[in-house]
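Enquirer: This is a predicted model, with the sequence first.
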Amino acid sequence: GADSETADSDILQEYIHSREMVELLVAEANFLEIYSRSIGDPYYRLDPQTSVEGLVSYWQMMSDVEFDTDTGIISMTVRAFRPSDAETITKKVIEKSEALVNKLSLRSREDSLQTARNEVDLAEKRFAESRKQVAAYRGTEREIDPTAVAATRQNLVGTLEAELAQRESELTALRATMSANAPRVV
C-alpha cells in the first residue's frame, strides 16, 4: 500500500545516506580515491584520513536523495569532480539500493507467507479439535451418524404414536361394551 511504499522509501533514503552505504562505497567503489583526487576543488576535496563519521557527513554533503510522494519516485543527485566518478558512485548506490529493496520485498512476502501459515495451522488445530469432539460424542452416544440416528428416532416416535392412537381407540371401544373392571380393559 501507499503507507508501506512511503515507509520503504524512508528506509531507502536513510540507507543511501547511512554509514553502511559509505563503508560499501569505500570498499567497492573507490570512494576515498574519487573524492580525494588532486583535480578536485581544495575546499571540497576529501581528506582520506577522515573518520568514518566524517566520511558519512561528507557523503551526505556530496549527495541528495528526495522522494516524490505523488509519483513514488526517489531521485538522487551525486556530485563528484569528474562525470565518470559520479557515474561510478551512482551505479554502486543503485546496485546496493536495489539489493535492499529486494530484501525488504522478500521480508514482506515472507511475513505474509508466515501469517498465512499461522492461519492454516490455526484452522487445522480447530478442525482436529472438532473431529475429536465429534468422535467423543459418537463414543459416548454410540452413534456413528447423528443425522441418521435422529431420523430413525423420529420414525420410531411416529410408529409409537400411531400404535398408541390405535391402542387408545381399542380401549375406548372396549369400555363401550365392558365394565371398567373387566380384565381386557384393565
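Expert: Arrived safely.
Enquirer: tell me, what residue is most central in the protein?
Expert: Ser112 (2.5 Å; C-alpha atoms, centre = their mean).
Enquirer: For it, give its distance to Asn118.
Expert: 11 Å (C-beta to C-beta, to the nearest Å). In this view, the C-beta of every residue, glycine as well, is placed from N, C-alpha and C.
Enquirer: State the pLDDT value of Glu33.
Expert: Listed pLDDT for Glu33 reads 94.
Enquirer: same deal with Ala135?
Expert: In this model, Ala135 carries a pLDDT of 80.
Enquirer: Next SSE downstream of the host helix or strand of it?
Expert: Here Ala135 is covered by helix 83-141, with elements defined by DSSP states H and E. Counting by DSSP H and E, the next helix or strand C-terminal to helix 83-141 is helix 146-177.
Enquirer: same for that following helix, what does it pack against?
Expert: helix 83-141 (3 or more C-beta pairs under 8 Å, 6 or more residues apart in numbering; DSSP states H and E).
Enquirer: quick one: the helix it packs on to helix 146-177, angle?
Expert: 30 degrees (axes from the mean of the first three to the mean of the last three C-alpha atoms, to 10 degrees).
Enquirer: and helix 83-141, what does it pack onto?
Expert: helix 2-16, helix 19-28, helix 31-35, strand 73-78, helix 146-177.
Enquirer: just how off-centre is it within its chain?
Expert: The chain centre lies 5 Å from the centre of helix 83-141; the measure is C-alpha atoms, centre = their mean, to the nearest Å.
Enquirer: Can you check what angle separates that helix from strand 73-78?
Expert: Going by the same axes, to 10 degrees, helix 83-141 makes 140 degrees with strand 73-78.
Enquirer: so helix 83-141 versus helix 2-16, what angle?
Expert: Using the same axes, to 10 degrees, helix 83-141 lies at 130 degrees relative to helix 2-16.
Enquirer: Report the inter-axis angle for helix 83-141 versus helix 19-28.
Expert: Using the same axes, to 10 degrees: helix 83-141 against helix 19-28 is 130 degrees.
Enquirer: helices and strands of this protein: which one bottoms out on pLDDT?
Expert: Every helix and strand of the chain was ranked by mean pLDDT, DSSP states H and E. The lowest is helix 2-16, at a mean of 80.
Enquirer: Now do the shared contacts for Ser112 and Asn118.
Expert: Common contacts of Ser112 and Asn118 (C-beta atoms under 8 Å, 6 or more residues apart in numbering): none found.
Enquirer: any idea how far Arg79 lies from Gly54?
Expert: For Arg79 relative to Gly54 (C-beta to C-beta), the value is 17 Å.
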